[in-house]
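Q: sequence first, predicted model second:
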Amino acid sequence: MAKQKRKAPGAPEKKRKTLKKAAAESPGACEGTQGSEEAPEGGVSCSDPEPTPELTPEEKRVLERKLKKERRKEERKQLREAGTALAQPPRAQHSSAQLALDYLCSWARKQEDWRFQKTRQTWLLMHMYDSDQVPEEHFPALLAYLEGLKGQARELTVQKAEALMRELDQAGTADLGPLLWAKTRRVRQVLQLLS
């Protein structure tokens, strides 16, 4: 019969050393043995009398990351086996109108975390005449915001307001409904401010 080769005793030495390091670094690494003196699969027992060499801070960080990753993986596996899906809280979906109004309010309060956002400004400029989109209580803040408008955005806003005013003048004042009247008033205020 053919003889079976045995693995060299030095081959699993590297694996043993890394397991010893892991056991030395994490206090809960040997909790799975529950005090028994038997060696786990890797051949290292928790009561190994061999001293472990000191690890550098970098090696400690790497080992901690590996252990943390393994714990998370094990937790996910247990959750899957239990049949519970990983429940993630639903993210609150904000409408573009709400985001733009929040942007305007944070600008008006001069908050330190306020940052210019082109998309929010564009939305405000497109919908500023609509009292459903930009309520009356936000319009004075919007006018103050428009006062600081510069460059191409200012020029285009003035051109659009003038064109809109011409359309409203041609339509006549006889058939002005409450919504159209509010729009006309807003257009006039914007023109007075920017012209």
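A: Yep, that arrived.

Q: hey, which helix is longest across this protein?
A: Secondary structure assigned by DSSP state H gives helix 57-82 as the longest helix of the chain.

Q: what's the first helix or strand after that one?
A: With elements assigned by DSSP states H and E, the helix or strand that comes after helix 57-82 is helix 96-108.

Q: so which bits of that following helix are buried?
A: 97, 100-101, 103-104, 107 (16 or more other Cβ atoms under 10 Å). All C-beta spots, glycine's among them, are computed from the backbone N, C-alpha and C.

Q: and stretch 158-167, by the same measure?
A: By 16+ other Cβ under 10 Å, the buried positions in stretch 158-167 come out as 158, 160-161, 164.

Q: mind putting the buried residues of helix 96-108 into CSV with pLDDT and distance to Lys60?
A: As requested, the buried residues of helix 96-108 are exported to CSV (pLDDT from 0 to 100; distance: Cβ to Cβ, whole Å):
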residue, pLDDT, distance to Lys60
Ala97, 91, 51
Ala100, 94, 48
Leu101, 94, 49
Tyr103, 94, 44
Leu104, 94, 49
Trp107, 95, 46
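
Q: distance to Val190 added to those residues, as JSON lines?
A: Formatted as JSON lines, the entries for the buried residues of helix 96-108 read as follows, by distance: Cβ to Cβ, whole Å:
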{"residue": "Ala97", "distance to Val190": "19"}
{"residue": "Ala100", "distance to Val190": "17"}
{"residue": "Leu101", "distance to Val190": "17"}
{"residue": "Tyr103", "distance to Val190": "18"}
{"residue": "Leu104", "distance to Val190": "15"}
{"residue": "Trp107", "distance to Val190": "17"}
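
Q: these: which two are farthest apart?
A: Farthest apart among those by Cβ to Cβ are Ala97 and Trp107. That separation is 15.8 Å.
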